[in-house]
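A.B. asks: Need a 3D model of the following:
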Amino acid sequence: MVQKAPTPREGPRGVPRFKKWAWEGRPFLDRNTLLTQEAYRRIVRSTAAVLGLLVLLGAGTTHGSFGAGAGPHATTPVLLTYLAVDGGLCAIRTDGSHPVRLTPRWRMDSIAWSPGGRFVAFSRATGPEQSKIFVANAGGRIRWRFGAGTNNWLPLWSPDGRRIEYTASWAHIGGLSVALRDGSNEGQIASSPPWPTYGPANPAWSADSRFVAYDDGNGVDLRQGIYAVDVESRTRDLLVPDARKPAYSPDGSSLAYTARGGIVIADVDGSNPRLLASSANDGGPVWSPDSKLIAFIQNGALIVTHVDGSGERVIASNASNPRWSPGGKLIAFVRLSDRRARGRIRSEIVVARTDGSARRVVVVRLAGSAEFEPPAWRPAAPLPKKKRSPCPKN
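C.D. replies: Numbers count the residues shown, from 1 in each chain. Just a heads-up that it's a prediction; the model follows:
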């Protein structure tokens, strides 16, 4: 005769019941298959202790110093990457410490990190007077290579990380092309005429990754100005006549550009222009990640100002190529030094706060020319675990 299992009684309030056949004979159960109160207390205390230990361990890994470059609650430091004088891509902390190699000693240029920091795109020679766009992961392994032209350079990631815009050229013609990050669905979005005296330049992605703006035209064959092309339909519109070097704000609300030697801010469609700075003779406007500040070069000086023109301040002289950190707290730039060593020109990568304080020289380059590949920030994402060799800082 098969006996029916007794109907389980309700246990003490808040105490979970376990099925009898799964736990029979265990010392921490009473005869009604309930956890005893003492066993329940032990479980609660043990769980609280483990959670407390995890919180302490997490707090111990944070970097609150300027050297970490990512604020008091960051768990991974923001890294500044640069090309070493002996080749290859290196990364360094913003206090100038821990320079390590990310790639072999490749001859490469035009460094661009994907928005999440998983991939890095760059141009690399593939033969005499030939180059392609390469995409590697953060561990330095090549994933994809592509390029429509004989020479391909200046990769630029779309904000959503899906596409890469780049410049392609042949013997007597050039243009702008867009491809998915693996090189597929490649297509040209703008081109120059044969034997060009003008052509598309200074491309910039819109915040929604739908459009690429660029300047083009010579005022005769094509009206000079800033154009915007839809990357899907390839339709093109003139946004702003007689203007150059467009830059969309990260929040998608505005378009900054240079016109008649000054910096102008307009609505995203080019309407309602307003003058921000009366002169900017080298480079175009560079937005901060929160779209509240703009950096630009004026008479060789790096200037940072609010978008309404207030709070203008000089960060450094003899500066070029400003680059905002992902969090917008720091700005990196290249500075040409007056000092020389055995006839070689000294140039530096400098990091400073946005008010110009706490300036640090993190990388020094001594070479026969003043050319210095601009630095590129990498988002605060963990690097793949692997043994890395140190990298020279000069």
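A.B. asks: quick one, what contacts Gln130?
C.D. replies: Gln130 is in contact with 150-151, counting by CB atoms under 8 Å, 6 or more residues apart in numbering. Quick note: C-beta positions are derived from backbone N, CA and C, even for glycine.
A.B. asks: if you set the cut-off to 10 Å instead, what comes out?
C.D. replies: Gln130 makes contact with 147, 149-152 under the criterion CB atoms under 10 Å, 6 or more residues apart in numbering.
A.B. asks: Same question for Arg323.
C.D. replies: By CB under 10 Å, 6+ apart, Arg323 lies in contact with 80, 286, 295, 330-334, 349, 351, 374-377.
A.B. asks: if we can go back for a sec, using JSON lines, lay out the contacts of Gln130 together with pLDDT and secondary structure.
C.D. replies: Shown next, in JSON lines, are the contacts of Gln130 (pLDDT from 0 to 100; DSSP: H, G, I helix; E, B strand; the rest coil):
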{"residue": "Gly147", "pLDDT": "96", "secondary structure": "coil"}
{"residue": "Gly149", "pLDDT": "94", "secondary structure": "coil"}
{"residue": "Thr150", "pLDDT": "95", "secondary structure": "coil"}
{"residue": "Asn151", "pLDDT": "96", "secondary structure": "strand"}
{"residue": "Asn152", "pLDDT": "97", "secondary structure": "strand"}
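A.B. asks: Can I get the contacts of Arg323 in JSON lines including secondary structure and neighbour count?
C.D. replies: Formatted as JSON lines, these follow (DSSP: H, G, I helix; E, B strand; the rest coil; neighbours: other CB atoms under 10 Å):
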{"residue": "Leu80", "secondary structure": "strand", "neighbour count": "25"}
{"residue": "Val286", "secondary structure": "strand", "neighbour count": "21"}
{"residue": "Ala295", "secondary structure": "strand", "neighbour count": "21"}
{"residue": "Leu330", "secondary structure": "strand", "neighbour count": "22"}
{"residue": "Ile331", "secondary structure": "strand", "neighbour count": "27"}
{"residue": "Ala332", "secondary structure": "strand", "neighbour count": "24"}
{"residue": "Phe333", "secondary structure": "strand", "neighbour count": "24"}
{"residue": "Val334", "secondary structure": "strand", "neighbour count": "24"}
{"residue": "Ile349", "secondary structure": "strand", "neighbour count": "25"}
{"residue": "Val351", "secondary structure": "strand", "neighbour count": "27"}
{"residue": "Pro374", "secondary structure": "coil", "neighbour count": "17"}
{"residue": "Pro375", "secondary structure": "coil", "neighbour count": "21"}
{"residue": "Ala376", "secondary structure": "strand", "neighbour count": "20"}
{"residue": "Trp377", "secondary structure": "strand", "neighbour count": "23"}
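A.B. asks: Sort those residues by pLDDT and name the bottom one.
C.D. replies: Among these, Pro374 has the lowest pLDDT, at 88.
A.B. asks: My guess is it contacts Phe333. True?
C.D. replies: Yes - under the criterion of CB atoms under 10 Å, Pro374 makes contact with Phe333 at 8.3 Å.
A.B. asks: quick one: which of the contacts of Arg323 is nearest to Trp324?
C.D. replies: Ile331 (5.6 Å; CB to CB).
A.B. asks: Specify the beta-bridge partners of the closest one.
C.D. replies: Trp324, Ala352 (DSSP bridges).
A.B. asks: wait, isn't it in contact with Arg313?
C.D. replies: No - using CB under 10 Å, Ile331 is not in contact with Arg313, being 11.3 Å away.
A.B. asks: If you count neighbours, what's buried in stretch 235-255?
C.D. replies: Neighbour counts over stretch 235-255 (16 or more other CB atoms under 10 Å) mark 236, 238-240, 243-250, 254-255 as buried.
A.B. asks: re the thing from before, let me know the closest of the contacts of Arg323 to Lys393.
C.D. replies: The closest of the contacts of Arg323, once distances to Lys393 are taken by CB to CB, is Ile349, at 9.2 Å.
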